[in-house]
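Peer 1: Compute the structure for the input listed below.
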Amino acid sequence: MLVRRPPPEVFRAFVDPSITRKFWFSSGSDVLEAGKRVTWHWIWYGATAEVLVRAIEPERRILVDWPTPVEWVFTPNGPDATFVQITASGFIGSDDEQVAQALDSMGGFSLVLAGCKAYLEHGLELGLVPDHNPGHHVAQA
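Peer 2: As a prediction, this is how the structure comes out:
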């Protein structure tokens, strides 16, 4: 997905949970840094994920285990745009199960990238992740 913002700004949107929560999860325990374990929360679904940050290359790349490898690559596209590519791998199970996991991952990350683009380019918080499956929301205390 092409995001019409400079690479440092787009990269920061994915490593700083105070920004990431505007388009993906509801909160994160800390900024992503190599070797660090962080926790992401999606309060709408009562879901939590522990993520191990394997590598950070500022403004270029993020690699995490969640629990399988997920990699973000940030490629400059002129001075004011960034192409973001997200690759999830390591799916297990039968061929059909692996295909289903890959398709689910692609769909989820497509929503995340669209939300990121809307937020960074236009300041809009679209709520794509919580609105994707409102029938699975949990009651909030």
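
Peer 1: make it CA atoms for all contacts and neighbour counts henceforth
Peer 2: Noted.

Peer 1: so where do the strands sit in this structure?
Peer 2: 2-3, 27-28, 37-42, 47-57, 61-65, 69-76, 82-88 (DSSP state E).

Peer 1: Those strands: which one's closest to Phe11?
Peer 2: For the strands of the chain, the distance to Phe11 is smallest for strand 69-76, at 7.0 Å, taking CA to CA.

Peer 1: List the residues that contact the most centrally placed residue in the chain.
Peer 2: By CA atoms, centre = their mean, the chain has its centre lying nearest to Val112, at 5.7 Å. Applying CA atoms under 8 Å, 6 or more residues apart in numbering, we find Val112 in contact with 23-24, 128-129.

Peer 1: rerun at 6 Å
Peer 2: Val112 sits next to Trp24 when contact means CA atoms under 6 Å, 6 or more residues apart in numbering.

Peer 1: same question, Glu59
Peer 2: 7-8, 11.

Peer 1: picking up where we left off before, just put the strands of the chain in CSV and tack on mean neighbour count, mean pLDDT and distance to Ser105.
Peer 2: Converted to CSV, the strands of the chain look like this (neighbours: other CA atoms under 10 Å; pLDDT from 0 to 100; distance: least, CA to CA, whole Å):
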stretch, mean neighbour count, mean pLDDT, distance to Ser105
strand 2-3, 20, 98, 19
strand 27-28, 20, 98, 20
strand 37-42, 17, 98, 16
strand 47-57, 16, 97, 15
strand 61-65, 20, 98, 14
strand 69-76, 19, 98, 10
strand 82-88, 18, 98, 7
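
Peer 1: Dump the ones you listed into a markdown table; add distance to Asn133 as well.
Peer 2: Listed next are those as a markdown table, based on distance: least, CA to CA, whole Å:
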| stretch | distance to Asn133 |
| --- | --- |
| strand 2-3 | 25 |
| strand 27-28 | 18 |
| strand 37-42 | 12 |
| strand 47-57 | 13 |
| strand 61-65 | 24 |
| strand 69-76 | 22 |
| strand 82-88 | 21 |
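
Peer 1: quick one: which of those strands is nearest Val15?
Peer 2: strand 61-65 (8.3 Å).
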